[in-house]
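A.B. asks: Fold the following, please.
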Amino acid sequence: MTGKPVDAQAEAQRLTEYLRPAVASHDLLLEEVEIRYSGKQPTVHVVVDHAEGTESVDLDTIAAVSQSVSTALDADPNDSGAPYDLEVSSFGVSRPLTEPRHWRRNLGRKVTANLSGEENVTGRLTEVGEAGVVLVPDVPVKKGMKPKTGDPVELSFEQIRRGKVEVEFNRPDHGPDIVDTIVDSNEEEA
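C.D. replies: From the prediction side, this is the model:
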């Protein structure tokens, strides 16, 4: 950090490349570096994530990455020694789903797919492949009636502009056979 207000975007890009090895040493990906100038000193916000898998980054790992990033920033040859705040976090539920690995991480959750030139689709994410995803959409029902699901919908990543996880406070616990369960329940109702 140079310590003085600079082009935050250019400095964030420089820091992204500079900090990538420090984050990679923890087997994580550096998703984003953002610099916010407010108050007396800037805040460097670093977002990390697993390259694969569905597990989230635990707090112990965040603490270890934070220490590594802090050490790297202290050793930065472009660092002026000016104070800054450092925030390290992981991919959160409010972040858009833009990469196939983001979709894989949310397998089994209710998501909304924002499609190019088509109506959005909201449903349970049941499958993520190389070329796209499968959602089992919600079918609108009258208030007080048991929710129903529609037929699975295949969407290619080319169709999807981005996705969003829908927060569920009473999320059903779906195991690995979610597609079979949903299809079986629809066949029983027919």
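A.B. asks: Low-confidence stretches in this protein?
C.D. replies: Across the chain, the ranges flagged by pLDDT under 70 are 1-6, 171-190.
A.B. asks: Quick check: phi and psi at Arg105.
C.D. replies: When read as degrees, to the nearest 10, the backbone of Arg105 gives phi -60, psi -30.
A.B. asks: can you check Met145 too?
C.D. replies: Dihedral pair for Met145: phi -90, psi 160, per degrees, to the nearest 10.
A.B. asks: What is the burial count for it?
C.D. replies: Using other Cβ atoms under 10 Å, Met145 has 8 other residues around it. The way it works is simple: take the backbone N, C-alpha and C, and place the C-beta from them, glycine included.
A.B. asks: List the buried residues for stretch 23-40?
C.D. replies: 23, 26, 28-31, 33, 35 (16 or more other Cβ atoms under 10 Å).
A.B. asks: Identify the residues contacting that stretch?
C.D. replies: Stretch 23-40 is contacted from outside by 1, 5, 8, 11-13, 15-16, 19-20, 42-51, 57, 61, 64-65, 68-69, 83, 91, using Cβ atoms under 8 Å, 6 or more residues apart in numbering.
A.B. asks: tell me which of the buried residues of stretch 23-40 is nearest to Gly117?
C.D. replies: Taking Cβ to Cβ as the measure, Gly117 sits nearest to Glu31 out of the buried residues of stretch 23-40, at 27.9 Å.
A.B. asks: so which strand or helix has the closest one?
C.D. replies: Assessed by DSSP states H and E, Glu31 sits inside strand 29-38.
A.B. asks: Which is the succeeding secondary structure element to that strand?
C.D. replies: Downstream of strand 29-38, the first helix or strand assigned by DSSP H and E is strand 41-49.
A.B. asks: what residues go with each domain of the chain?
C.D. replies: In terms of domains, the chain is parsed into 8-90, 100-189 (source: automatic domain parsing).
A.B. asks: quick one on the thing from earlier: show me just the buried residues among the contacts of stretch 23-40.
C.D. replies: Burial by neighbour count, judged by 16+ other Cβ under 10 Å, picks out 1, 11-12, 15-16, 19, 42, 44-50, 57, 61, 65, 68-69, 91 from the contacts of stretch 23-40.
A.B. asks: in this protein, which spans are strands?
C.D. replies: Assignment of strands within the chain using DSSP state E yields the ranges 29-38, 41-49, 85-90, 110-115, 121-128, 132-139, 148-149, 153-156, 160-165.
A.B. asks: Dump the ones you listed to JSON lines, plus distance to Asp76.
C.D. replies: Conversion of these to JSON lines gives the following (distance: least, Cβ to Cβ, whole Å):
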{"stretch": "strand 29-38", "distance to Asp76": "12"}
{"stretch": "strand 41-49", "distance to Asp76": "11"}
{"stretch": "strand 85-90", "distance to Asp76": "12"}
{"stretch": "strand 110-115", "distance to Asp76": "38"}
{"stretch": "strand 121-128", "distance to Asp76": "37"}
{"stretch": "strand 132-139", "distance to Asp76": "40"}
{"stretch": "strand 148-149", "distance to Asp76": "52"}
{"stretch": "strand 153-156", "distance to Asp76": "42"}
{"stretch": "strand 160-165", "distance to Asp76": "33"}
